[in-house]
Structures are given as C-alpha cells and as structure tokens.
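1. predicted structure and sequence below. I'll ask about it afterward.
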Amino acid sequence: MKLLFAASEAFPLIKTGGLGDVAHSLPNALSELGVDARIVLPAYRTVLGRLGTLRVLGWLTLASGHEVRILEASHPEFAAPLWLVDAPALFDRSGAPYTDADDNDWSDNPARFATFCEAAALLATDALSLGWRAEVVHANDWQTGLLPAFLSQETQPPRCLFTIHNLAYDCQFDFGTFQALSLPAHWWSVEYGEFYDRFSMLKAGLTFSDLITTVSPRYADEIRTPDFGYGYAAILEANANKLVGILNGIDDDLWNPHTDPYLKAHYQVNGKIRSAKHANRQALLEGLAASPAALAHDGPLIGSVGRLVYQKGIDLLLAVIPSLLADSDAQFVLIGAGEAKLEQQLSELAETYPDRVLSYIGYSEPLAHLLEAGSDIFVMPSRYEPSGLNQMYSLRYGTPPVVRATGGLADTIEDATPRGIAREEANGFVFEEATSAALQKALMRAIELHRKPKQWMKLIKIGMREDHSWRQSARIYLQHYRNE
C-alpha cells in the first residue's frame, strides 16, 4: 500500500505538540507493517537546517500560477522518505511553525497551508511523474484541512483520512481571503467549508474526507457534545458514520526505561525498580540544582510535564500544592511553560517551598525523561485531553498516573480500587470533576497507597506490563486505510 502522510510538524525535526510525535511514530510503525509511505512536510527553515543532503524532485505549478519546489530527504529517525514543500516566502522564516516571535498567528497562515495542501495533493496524484501514486492520503489537523478538498477534484482520488488531534485549534478566514486564495467557489458553502460566514480549513477537512479519525475513542464521543465541540459538534454528529476514535500510541524504543540514554539507572519490570527509580530521582533533582534538604527528602515525588495552560488543569494542581505539602510528605517537580500567570504562580511556589517544590520553566527532553523515571506519581489533571502521551510514558516507567476522566486519559487509566488492584486491572488513579478538591482527593489516595510498598509495587508492574506502543494503533489504521 502506498501512503502519503501529510503533517505540519514531525519530531525530531519540528514539534509543538502531540501531532509532531504522531507524525514521527505512526509512519514508522506502518512502515514495519509493509506500508510504502512518504511523509510530506512544509520546508520550514528549522527543518531544512536539521536535514543533510536534499534532492530536488521537481517543481509544481499551482492553480494560482505560483511554483513550489519539492525536495526529498532522509533522516535516521524516519523509515519513510521525507518530501518537503519548499516555498521560501511562506516557510523560510524565524519563529514557530504557526506563530511569530510574539506568539501571534502568522497573518498569512491561510495562504501558507493552502499552498502546502495543494502541493501535497499534486504529489499524491504523481504530478511530478515519479512513478509513485498514493492509494491513501492521511491528513492531520487544520493545517492539512484543504488537502481532502483539493483531492476531491481528482477523477479517481485516493482514499483520504483526516485526523483531529485537538479540535480546539483551527484556522478561519473571511470571504476576501477566500477569494484571494483562488479557491473553488463551491467550497464556500455550508455543505463544505463555510462556517458562520467565515471559511474553516478544519471544517473542509471534516466534510471532504472519506474518514475522520481522532486520537482516542472517548474523545471521539466528547467532541460531538457542545462542551468539547468548539462549535463543530453538530458537524461531527452529522458525520458520525465516518468518525472513529483510535488511541495514539507511544514510541516504546524512545521511551524505554531499560535503554533510555537520559536515565542515570536503567530498569525493567522484573528488575530492581526501586533502587533505579531512586537513582533517577536524585539525578533529576541534581539537574534542577536542588538544595541538600530537597535531595535528602524521602517522601513520594509527584511529577508533571506539560504546557502550563488552562486546558491541562495546571491551575488546579498549583492550587492544591500548599495543602498537600501540609497534609503529606510529598515533594513536587513541575516542568513546562505556557501562560505567564501560571508560570509566575509556579515560580512563587518554588520560592516559597524550595525544598518541596522544584520547577523548570521551559522544556528539556533529558529532564522530561528523568522525571518520568524518577517520580513516584505523575499527575495530569487535564480539563480535556484528546489522547495524552505522558500517562502512557508514566505507565511504562513505573510511575502510576493521577488523571482526570477525559479523552485518552479515561481510555488508558483504570482507577486503583482494591478490587482493580486485586484483579490486576488498575494502573493509576482517576477523578471525575475538574476541581481542585477532586484532584486533591485523588492525589491523597495515591500518596496513601504509596505507603503500602507491596500494593504499590503491584500497581507499578501492572502498568509496566501494558503495551501502549504504536504497533497496536498502526494495525487499526491499516484496516481503515484498506476500508475494512
């Protein structure tokens, strides 16, 4: 099977969120299953700087008359060749993929990603006469929303899947921009892309695709409700017959406590877990310049890695830390960046409780791995979480997670009730309401169980034995590619 996988980011070349991880791991897992894949990305300046030899495949003339150059590259992290849409005026710039240095959306994002989508559609149909024509095209998030639309103009288009990684993000523009992009007139209609007197690239992806997937079964249900639908609930309900939730996986080669190069001590489910986790805890704290008192503290270490934003429920966690410090011997480490108010609140907590609360404002891959291995408990109090990856990393690293019952968190974590532990079904702690009180209660349950070493080790091993790799999810995607 020939697959064109289109994405606006891919780890380790460029990444802003979970999409980047998926665009790296899923094509690799599909290649292992025999899929002949190509990954198409915009030729951002950052991406070009991280690749070696580039080969020019040719030039494509778009409907607007503009030309784009297509480059091919390989990278040791990818099993499939990389195809890059090179339009320097659109992609050769500093800043993040979608925003400028002030974190504002690039004003020409509609033109940037319309160009990317049209070029990807031409590549899928072998417009360069390379002898490779896609049987399936997999588009991802609003940046590729116009790709199914462009493919619909073909006489015999390839089957097209459109994956929603986070419905909260889309790209909308007015009729003047629509006309300036020279898009087909009939796309501006309620049946296709028109969305409350604007054009939505996300809606185009939903309406023109053959199948809509999202990143967990629970999230597929949630986005059909007003609370999680961001205005698209009725559209998704109308397309429910082609909406499927497929849980994301993790790269279990990259995230493997037995081989992880970032760890101080390696371990596996049948090895010396406690001593290895303690060594990694010390390495984590030393990496954060912890005080001698912090290094000597022996209460349970509760860790969190992620964006410091309202969606992630970080405000709920910051609100309960003082009372948890008073009521238990817990210690906290938080890594992340995001909203200035939350960053400031975290920094103030770390200054107030220097031996019990440690923080790193930003993101560090080595520290993130050490945190997963060195923490006793991982906390993800998300208000919504389409899939989530860190809870699966935590299971693999023997760090039971505390999560809210939403999206992929609900699909992967079973609450540690006595019955669940006895039947070896439980792997973490789950709370329902998005409140500080509910989170505090769940964390206290985890801290209390941590005081029972035999039960705690049983919980750890249940999680470590689970398989959340991309191999499982890739097989499901392959079935849908084949329309089975």
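-> Alright, I've got the coordinates. Residues are numbered from 1 along each chain as shown.

2. mind listing what residue 476 touches?
-> Residues near residue 476 by C-beta atoms under 8 Å, 6 or more residues apart in numbering: residue 246. (Each C-beta comes from the backbone N, C-alpha and C, glycine too.)

3. for the helix or strand harbouring it, the averaged confidence score.
-> Element membership for residue 476 (DSSP states H and E) is helix 470-481. Predicted confidence along helix 470-481 averages 95 (mean pLDDT).

4. for that helix, buried residues please.
-> Judged by neighbour count (16 or more other C-beta atoms under 10 Å), helix 470-481 contains these buried residues: 470, 473-474, 477-478, 480-481.

5. repeat that for stretch 182-201.
-> For stretch 182-201, burial by neighbour count (16+ other C-beta under 10 Å) applies to 183, 187-188, 192-195, 198-201.

6. and of those, the nearest to residue 207?
-> Using C-beta to C-beta, the shortest approach to residue 207 within these belongs to residue 192, at 5.2 Å.

7. residue 168 - how many residues pack around it?
-> Burial measure for residue 168: 12 neighbouring residues, criterion other C-beta atoms under 10 Å.

8. so it makes contact with residue 229?
-> No. Here residue 168 does not reach residue 229: they are 10.1 Å apart, not a contact under C-beta atoms under 8 Å.

9. sketch out the low-pLDDT regions of the stretch 301-450 of the chain for me.
-> Scanning the stretch 301-450 of the chain with the threshold set as pLDDT under 70 gives no residue ranges.

10. which parts of it are strands?
-> Under the criterion DSSP state E, counting those that start in this stretch, the stretch 301-450 of the chain contains strands at 301-305, 331-336, 357-361, 377-380, 401-404, 429-431.

11. so how far is the fourth one from its chain's centroid?
-> Centre-to-centre, strand 377-380 and its host chain are 17 Å apart (C-alpha atoms, centre = their mean, to the nearest Å).

12. hey, C-alpha coordinates of it in CSV?
-> Backbone C-alpha positions of strand 377-380 (Å, rounded to 0.1, in the frame of the first residue of the first chain) are rendered in CSV as follows:
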residue,chain,number,x,y,z
ILE,A,377,3.5,9.6,40.9
PHE,A,378,2.7,11.5,37.7
VAL,A,379,-0.2,14.0,37.6
MET,A,380,-2.3,15.0,34.6
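
13. and that strand, what does it pack against?
-> strand 301-305, helix 390-396, strand 401-404, helix 436-450 (3 or more C-beta pairs under 8 Å, 6 or more residues apart in numbering; DSSP states H and E).

14. who are the packing partners of the host helix or strand of residue 25?
-> Per DSSP H and E, residue 25 falls inside helix 18-32. The helices and strands touching helix 18-32, judged by 3+ C-beta pairs under 8 Å, 6+ apart, are strand 2-6, strand 36-42, strand 136-140, helix 470-481.

15. now with 6 Å, please.
-> With contacts defined as 3 or more C-beta pairs under 6 Å, 6 or more residues apart in numbering; DSSP states H and E, helix 18-32 has these neighbours: strand 36-42, helix 470-481.

16. list the buried residues in it.
-> Of the residues in helix 18-32, those buried under the neighbour-count criterion (16+ other C-beta under 10 Å) are 18-31.

17. ok, now stretch 152-164?
-> Going by neighbour count (16+ other C-beta under 10 Å), the buried part of stretch 152-164 is 152, 157-164.

18. ok, of those, which one's closest to residue 373?
-> Taking C-beta to C-beta as the measure, residue 373 sits nearest to residue 163 out of the buried residues of stretch 152-164, at 30.2 Å.

19. that closest one and residue 212 touch, don't they?
-> No. Look at residue 163 against residue 212 with C-beta atoms under 6 Å: they stay out of range, at 7.7 Å.

20. mind giving me the domain split of the chain?
-> The chain breaks down into these structural domains: 2-249+471-481, 273-467 (assignment by automatic domain parsing).

21. before we move on, the earlier item: of the strands of the stretch 301-450 of the chain, which stretch is the most buried?
-> Most buried of the strands of the stretch 301-450 of the chain, by mean neighbour count (mean count of other C-beta atoms under 10 Å): strand 401-404, with a mean of 28.

22. to residue 36, which of the strands of the stretch 301-450 of the chain lies closest?
-> Within the strands of the stretch 301-450 of the chain, the stretch nearest residue 36 is strand 301-305; the backing value is 35.3 Å (C-beta to C-beta).

23. outside of that closest one, which residues touch it?
-> The set of residues that contact strand 301-305 without belonging to it, under C-beta atoms under 6 Å, 6 or more residues apart in numbering, is 281, 330-335, 368, 371, 375-379, 390.

24. now do stretch 422-440
-> By C-beta under 6 Å, 6+ apart, the list of residues contacting stretch 422-440 reads 316, 319-320, 381, 383, 395, 400-405, 413-416, 420, 442, 445-446, 462-463.

25. stretch 452-465 now?
-> Taking contacts as C-beta under 6 Å, 6+ apart, the residues outside stretch 452-465 that touch it are 269, 395, 398, 400, 416, 424, 427, 449-450.

26. report the mean confidence score over that stretch.
-> Stretch 452-465 comes out with an average pLDDT of 96.

27. one more: stretch 62-71?
-> The average of the pLDDT scores along stretch 62-71 is 94.

28. what residues are up against residue 181?
-> With contact taken as C-beta under 6 Å, 6+ apart, residue 181 is in contact with residue 114.

29. how about residue 219?
-> Residue 219 is in contact with 245, 386, 407, counting by C-beta under 6 Å, 6+ apart.

30. in helices, which of the residues you listed fall?
-> With helices identified by DSSP state H, the entries of the contacts of residue 219 that belong to them are residue 407.

31. what number of residues lie near residue 246?
-> Counted by other C-beta under 10 Å, the residues lying close to residue 246 total 22.

32. still on that earlier bit, which of the contacts of strand 301-305 lies closest to residue 57?
-> Closest approach between those and residue 57, by C-beta to C-beta: residue 368, at 35.9 Å.

33. tell me, how many residues neighbour the closest one?
-> Counted by other C-beta under 10 Å, the residues lying close to residue 368 total 21.
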